[in-house]
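*Asks:* This is the structure alone, sequence omitted:
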């Protein structure tokens with residue numbers, strides 16, 4: 001069951017989507033408007049940073065001795081200009097980060113909040129734009145879902161972010177991460193743990209990674225474990241809420257052959273589950 005703060009994020013996302021008439025191809029803008037920010041969190045409050053979208057850890061953004069921005073900060077300026085154009089605003093920093101200005105969450109540490117909010121928004125997106133005949137469960141207990149399996153590599157309180165069911169049978173497992181560490185891509189470990197028992201129930205079951213991560217070195221950790229780079233890899237596909245933010249906004253590229261899908265693609269994919 002989503003937390004009250006995650007439900008707040010979904011409610012805000014619904015309102016933004018309805019007010020702007022966004023459809024599947026542009027409803028990603030609600031995610032960006034709510035969860036991206038130009039500010040950084042200090043204990044108890046959000047503070048302005050460089051006037052650009054903070055797309056990775058704050059210590060990546062630096063000015064040199066002459067006061068010139070480093071590569072990460074230059075990319076952030078490009079992303080800010082691109083996103084402002086996409087959202088149709090000349091004041092991006094006051095347009096995005098809406099979720100973090102809500103009284104219920106403004107003073108709270110954002111790490112867990114953003115993960116839960118992003119996961120619940122992804123589920124809502126799939127319910128709205130995907131196959132309506134599917135049912136979704138958030139934070140499913142793998143030991144209840146797959147009785148008899150021990151999952152020795154997972155913690156005792158491990159949960160599967162999202163399970164999609166058709167006629168009560170699991171058809172897709174989805175691991176949702178807003179960000180993740182370069183040296184510890186847990187989504188791939190989850191796929192190795194949970195996909196085999198899922199396929200004991202349904203041989204056609206799939207495992208998707210859905211992320212908001214922006215750095216290509218981290219994204220390639222996912223795309224290298226999915227087709228076409230790894231045709232029989234643990235991930236069915238790597239999905240970003242809007243890949244164009246990475247490619248067109250930041251100007252980053254992935255290695256040749258690596259594919260990062262969109263939420264719109266994933267919504268279409270649900271009809272095949």
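*Replies:* Happy to help now that I have it. Here the structure is a predicted model, which is why all the values come from computation and not from measurement.
*Asks:* mind listing the helices in the stretch 151-273 of the chain by residue range?
*Replies:* Assigned by DSSP state H, counting those that start in this stretch, the stretch 151-273 of the chain shows helices spanning 186-201, 216-223, 243-244, 263-269.
*Asks:* And those helices: which comes nearest residue 76?
*Replies:* With respect to residue 76, and counting by C-beta to C-beta, the nearest of these is helix 216-223 at 14.5 Å. Backbone N, C-alpha and C define where each C-beta goes, glycine included.
*Asks:* what pLDDT does residue 153 get?
*Replies:* With respect to pLDDT, residue 153 scores 77.
*Asks:* Quick one: residues contacting it.
*Replies:* Listed by C-beta atoms under 8 Å, 6 or more residues apart in numbering, the contact set of residue 153 reads 189, 192, 193.
*Asks:* hmm, back to that, could you dump the helices of the stretch 151-273 of the chain into TSV and include mean pLDDT?
*Replies:* Shown next, in TSV, are these (pLDDT from 0 to 100):
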stretch	mean pLDDT
helix 186-201	92
helix 216-223	94
helix 243-244	98
helix 263-269	98
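*Asks:* can you list the ones you listed in JSON lines and add mean neighbour count?
*Replies:* JSON lines is the format used below for these (neighbours: other C-beta atoms under 10 Å):
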{"stretch": "helix 186-201", "mean neighbour count": "18"}
{"stretch": "helix 216-223", "mean neighbour count": "20"}
{"stretch": "helix 243-244", "mean neighbour count": "18"}
{"stretch": "helix 263-269", "mean neighbour count": "19"}
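*Asks:* Looking at these, which is nearest to residue 146?
*Replies:* With C-beta to C-beta as the criterion, residue 146 lies closest to helix 186-201 of those, at 3.9 Å.
*Asks:* got the contact list for that closest one?
*Replies:* 142, 146, 149, 151, 153-154, 160, 169-170, 173, 175, 177, 180, 205, 207, 209, 211, 221-222, 225, 234-235.
*Asks:* Quick check: strands, which of those are part of them?
*Replies:* 160, 169, 170, 173, 175, 177, 207, 209, 211 (DSSP state E).
*Asks:* Now flag whichever of the residues you listed is closest to residue 113.
*Replies:* Out of the ones in strands among the contacts of helix 186-201, the member with the shortest distance to residue 113 (by C-beta to C-beta) is residue 177, at 13.8 Å.
*Asks:* can you give me the mean pLDDT across stretch 20-40?
*Replies:* Per-residue scores along stretch 20-40 average to 98.
*Asks:* For residue 150, what are phi and psi?
*Replies:* Taking degrees, to the nearest 10, you get phi -90, psi -30 for the backbone angles of residue 150.
*Asks:* same deal with the one 3 residues further on?
*Replies:* Geometry field for residue 153 lists phi and psi as phi -90, psi 0, criterion degrees, to the nearest 10.
*Asks:* Roughly how far does it sit from residue 87?
*Replies:* 41 Å (C-beta to C-beta, to the nearest Å).
*Asks:* swap in residue 220?
*Replies:* 28 Å.
*Asks:* returning to that earlier point: mind giving me TSV with the contacts of residue 153 and columns for distance to residue 32?
*Replies:* Below are the contacts of residue 153 laid out as TSV (distance: C-beta to C-beta, whole Å):
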residue	distance to residue 32
189	28
192	31
193	31
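*Asks:* Let me know the closest of those residues to residue 36.
*Replies:* residue 189 (27.0 Å).
*Asks:* ok, now how distant is the closest one from residue 166?
*Replies:* Applying C-beta to C-beta, the value for residue 189 to residue 166 is 26 Å.
*Asks:* Could you do residue 101 as well?
*Replies:* From residue 101 across to residue 166, the span is 38 Å (C-beta to C-beta).
*Asks:* Also residue 239?
*Replies:* To residue 166, residue 239 is 19 Å away according to C-beta to C-beta.
*Asks:* just residue 243 next, same as before
*Replies:* 27 Å.
*Asks:* repeat for residue 220
*Replies:* In terms of C-beta to C-beta, residue 220 sits 32 Å off from residue 166.
*Asks:* And residue 185, by the same measure?
*Replies:* 28 Å.
*Asks:* Repeat that for residue 256.
*Replies:* Remark: distance between residue 256 and residue 166 (C-beta to C-beta) = 35 Å.
*Asks:* Among the two, which residue is more densely surrounded?
*Replies:* Counted by other C-beta atoms under 10 Å, residue 256 and residue 166 do not tie: residue 166 has more neighbours, with 15 against 6.
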